[in-house]
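Trainee: Sequence plus predicted model, see below.
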Amino acid sequence: MNNDMQENLSAYLDDELGYHESLGVMSRVQADPQVAAKLYRYAVARELMRSSSALVPDAGFADRVQAALADEPVVLAPRSWRSRYREKVTTLALAASVAALALLVGRSISQHAPWQGGEMLAQAPLSAPVVRAGVDPDLQDFVALHNESTYLSGAQGMLPSVRLVSGQSGH
């Protein structure tokens, strides 16, 4: 069925065809069962859109659906060996990557553990005499305010800090 016939069926249902055109459509509906079925489907769709009511299917509806499904071709193709091979290679590559990453991160953590910092400082030789220095009270207040505001903003854990000492040797 061509598009012109479908448009004519739709126009016929909407009373947009003239007398002679309507007669031509009706003669085609009587002669061709496919055109009659298409007109019926258009009429059902039109009625549903205009009335918003539900239509009860006829008694043979389920049988026609089953027959149409039975006529559909079924293709049971096995997966190709390439796709199975590709899946196995991808899985092995992912597992190897995760293992390598775990090995590198584990080694990095064990070599640079924060609990070893004190031991490293204790073993470091001192080349200059240690001098006790006082802390500027303004700087101490600033550090305290900074730590409080960082805590209130949601920082987690202990904040890093470093004591800086400056001075000239011999004074």
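Mentor: Okay, I see it. Residues are numbered from 1 along each chain as shown.
Trainee: ok, then the element right after the helix or strand of the chain with the lowest mean pLDDT?
Mentor: Lowest on mean pLDDT, DSSP states H and E among the helices and strands of the chain sits helix 117-123, with a mean of 67. Once the chain leaves helix 117-123, the next helix or strand it forms, by DSSP states H and E, is helix 137-152.
Trainee: pLDDT below threshold where in this structure?
Mentor: 1, 52-55, 79, 108-122, 126, 128-135, 156-171 (pLDDT under 70).
Trainee: what about Pro137, how many residues close to it?
Mentor: Each residue near Pro137 was counted by other C-beta atoms under 10 Å, and the total is 8. Quick note: C-beta positions are derived from backbone N, CA and C, even for glycine.
Trainee: now do Glu16
Mentor: By other C-beta under 10 Å, the residues close to Glu16 number 12.
Trainee: go on, the one 3 residues further on?
Mentor: Using other C-beta under 10 Å, Tyr19 has 7 other residues around it.
Trainee: Pro73 versus that one, what's the distance?
Mentor: For Tyr19, the distance to Pro73 (C-beta to C-beta, to the nearest Å) stands at 45 Å.
Trainee: Please enumerate the helices of this protein.
Mentor: Taking DSSP state H to define them, one finds helices in the chain at 3-13, 19-31, 33-51, 61-71, 81-111, 117-123, 137-152.
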